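**Q** fold the following, please.
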Amino acid sequence: MITGQKQYPRLIDCTSCPKASDGVMMYYQRAKGFHTPADKCSQNCILFIIQGELLINSEEYPGVKLRAGEFVLQAIGSKLEMLAVADVEYVFYWFNDLPKICEERYRSILEYSDSPLTYTPLVAIPRLRYLLADTALYLEEQRKPCGEYIQLKVQEIVYILLCYYPAQQLSVFFYPISRYTQSFHFFIMQNYEKVKTVEEFAHLGGYTTTTFRRIFRNVYGKPVYEWILSKKREGILHDLQYTNQRITEICNRYGFDSLSHFAHFCKASFGDTPRALRTRAIKGERIQSLVE
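**A** Okay, here's the model as predicted:
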């Protein structure tokens, strides 16, 4: 139970309100010994310790003990393991992009950040601790909080971070976001032509299928299979129009089981068979995809 006295009872329940929202900020109370195995984060997150102690293990924070008032950031795709070494209370803030507050300062921090030798948890200044304690109280009493109210709290938190913490500290703090995003993009671009299914793609990267789908959609803004098909259409169209590769080579490169399957895909995507498309391209026609 968070220390502090509730002076007034709530008079309304936000649970059934259409503006209610969960999953953005979440408050937890965990007893000593509680353990969560290492799992990849499906979004960026900031972990704030309200009370107690929590041992975390990740690439940035290997075996680091977090105490009340400390907080860390884990980027989308990073692995995080947690163990409560004492009774602990903490808040997770999950996000894809931060609220548009002091955006120029935030972008400059990301742009010029360098890889640090070590990561150190940040310590909440008094006004941030008061804000987090109040937010935790609200999350504790309201199972499904008001989405708009939480967004106001999030904006306050981000404002305090960007305005009251030195740029050098913030540069190290936010560095994992750019690094993990870049590495995820690199992994996708290096391997999307090699896989036939989303499940195979996820396994190749060491993700569960559900986590991979969620991370991919957060990063690219569309479902993974839809994106793969779009990239395949783009590559096939380029190879048919501007290279001398044999039809069978293109078919194999993009993972089709047979020439008939490849021909069916081309008809559905471009309106003609691969050979007919190449003939039209040789005559100077510019072929376009029929599918957005």
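**Q** for residue 177, give me its contacts.
**A** Going by C-beta atoms under 8 Å, 6 or more residues apart in numbering, residue 177 touches 44, 73, 75, 76, 110. In this view, the C-beta of every residue, glycine as well, is placed from N, C-alpha and C.
**Q** tell me the one of these nearest residue 278?
**A** Proximity of the contacts of residue 177 to residue 278 (C-beta to C-beta) peaks at residue 76, which lies at 40.5 Å.
**Q** ok, for that closest one, nearest residue in space, not its chain neighbours?
**A** Nearest in space to residue 76, with sequence neighbours left out and distances taken as C-beta to C-beta, 6 or more residues apart in numbering, is residue 44 at 5.1 Å.
**Q** repeat that for residue 267.
**A** Closest to residue 267 by C-beta to C-beta, 6+ apart is residue 273, at 6.3 Å.
**Q** got the buried residues for stretch 93-110?
**A** 93, 94, 95, 98, 99, 101, 102, 106, 109 (16 or more other C-beta atoms under 10 Å).
**Q** of those, which belong to strands?
**A** 93, 94, 95 (DSSP state E).
**Q** quick one: contacts for the spatially most central residue of the chain?
**A** Centroid-nearest residue in the chain: residue 43, 3.0 Å away (criterion: C-alpha atoms, centre = their mean). Residue 43 is in contact with 76, 94, 95, 96, 214, 215, 218, counting by C-beta under 8 Å, 6+ apart.
**Q** if the residue lying closest to it once chain neighbours are set aside is in a bridge, with which residues?
**A** Computed as C-beta to C-beta, 6+ apart, the closest residue to residue 43 that is not its neighbour in sequence is residue 94, at 4.6 Å. Counting by DSSP bridges, residue 94 forms beta bridges with residue 45.
**Q** roughly how far apart are residue 94 and residue 274?
**A** Per C-beta to C-beta, to the nearest Å, residue 94 is found 45 Å from residue 274.
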